[in-house]
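[1] curious how this folds, go ahead:
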Amino acid sequence: MNEKSSTSWPAPVIESYTLEKMPQQKTEGGPPRPIAKVAIKGKNFFSRAVSPKIMIGDLKVLDYEITPDESGIILYLFQRPKDGSRITVSYGPGMVGELEEPFRWDQ
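    Numbering: from 1, shown residues only. Model prediction:
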């Protein structure tokens, strides 16, 4: 089912990801800066009342933004995930997308 309806939504699909490591600058005070940005591409990343649960292995990603066309999510990482972890996006039971390719810090 590729169309949204009032009672069901298609599960998210993760097709690929890219990793951009952020340069670390020493700052006095202020908020922490992300160490990396991960862009995941796919489909069915909806902005809705229920926020997605995004994981890279056992690391829960709290800072993210869904692209306006709902085909991607930009993740901001403040700690390094374990190599070999799976990237998942979940909106609840039966609504989980998982990338087949394992996450690699050094691509």
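
[2] so Lys82 sits against Arg104, correct?
    No - when contacts are counted by Cβ atoms under 8 Å, Lys82 is not listed as touching Arg104 (10.3 Å). Placement of C-beta: from N, CA and C, glycine included.

[3] wait, doesn't Lys21 sit right on Ala36?
    Yes - under the criterion of Cβ under 8 Å, Lys21 is in contact with Ala36, at a separation of 5.0 Å.

[4] Gln79: neighbour count?
    Applying other Cβ atoms under 10 Å, we find 10 residues neighbouring Gln79.

[5] excluding chain neighbours, what is closest to Gly57?
    Nearest residue to Gly57, sequence neighbours excluded (Cβ to Cβ, 6 or more residues apart in numbering): Ser85, at 2.7 Å.

[6] helix/strand/coil for that neighbour?
    Assigned state for Ser85: coil (three-state reduction, DSSP: H, G, I helix; E, B strand; the rest coil).

[7] Ser8 versus that one, what's the distance?
    29 Å (Cβ to Cβ, to the nearest Å).

[8] these two: which is more packed in?
    Ser85 (17 against 11).

[9] surely that one meets Lys60?
    No - contact criterion Cβ under 8 Å: Ser85 and Lys60 do not qualify, at 11.7 Å.

[10] endpoint to endpoint, stretch 50-64 covers what distance?
    14 Å (Cα to Cα, to the nearest Å).

[11] show residues contacting it.
    With contacts defined as Cβ atoms under 8 Å, 6 or more residues apart in numbering, stretch 50-64 is touched by 12, 34, 38, 45, 66, 73-79, 81-82, 84-92, 103.
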